[in-house]
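Enquirer: Coordinates only, no sequence provided:
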């Protein structure tokens, strides 16, 4: 996989598990190039993986966008055209899951984020995750 310059934007189409893997790997590479520590890069990769898996599981297809904000934050934008999240407050409660999982995905991402937003309606969902270097 070619290495992107640290200031580039990466877009990965998500519809199957291979897209999940690609997005996670490319996000880890970008974080490392930007000087994030190995543990920070691992957290970013885990968040990307969770967001991409949510796209596959709940919307079928979408996109992960990874970019540096030009200052001090790596942004991950997960967007899809799925049915949306009915109640974001419930979805962000630790332990809540509609898929039988542990319910740690979105709450865990929010916990490690320096910036976190969910924009959702019946035509799709966008989750924005931002992480600053420590």
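Expert: Arrived safely, thanks for sending. This structure is a prediction, so every number in the text was calculated from the model and none was measured. Numbers count the residues shown, from 1 in each chain.
Enquirer: State the distance from the residue nearest the centre of the chain to residue 82.
Expert: Nearest to the mean C-alpha position of the chain, by Cα atoms, centre = their mean, lies residue 48 at 3.5 Å. Distance from residue 48 to residue 82, counting by Cβ to Cβ, to the nearest Å: 18 Å. Placement of C-beta: from N, CA and C, glycine included.
Enquirer: What of residue 114?
Expert: Counting by Cβ to Cβ, the gap between residue 114 and residue 82 amounts to 26 Å.
Enquirer: Give me the more crowded residue out of the two.
Expert: A direct count of neighbours by other Cβ atoms under 10 Å for residue 114 and residue 82 places residue 82 higher, at 19 against 13.
Enquirer: pLDDT wise, what is that one at?
Expert: Per-residue confidence for residue 82 comes out at a pLDDT of 94.
Enquirer: On the three-state scheme, it is what?
Expert: coil (DSSP: H, G, I helix; E, B strand; the rest coil).
Enquirer: list the contacts for it?
Expert: Contact analysis of residue 82 by Cβ atoms under 8 Å, 6 or more residues apart in numbering lists 55, 58, 59, 60, 62, 124, 125.
Enquirer: Next, count neighbours for the third one.
Expert: Read it as residue 59. Neighbours of residue 59 (other Cβ under 10 Å): 19.
Enquirer: With the first one instead?
Expert: By other Cβ under 10 Å, the residues close to residue 55 number 26.
Enquirer: is it fair to say it lies in a strand?
Expert: No: counting by three-state DSSP, residue 55 falls outside a strand, being helix.
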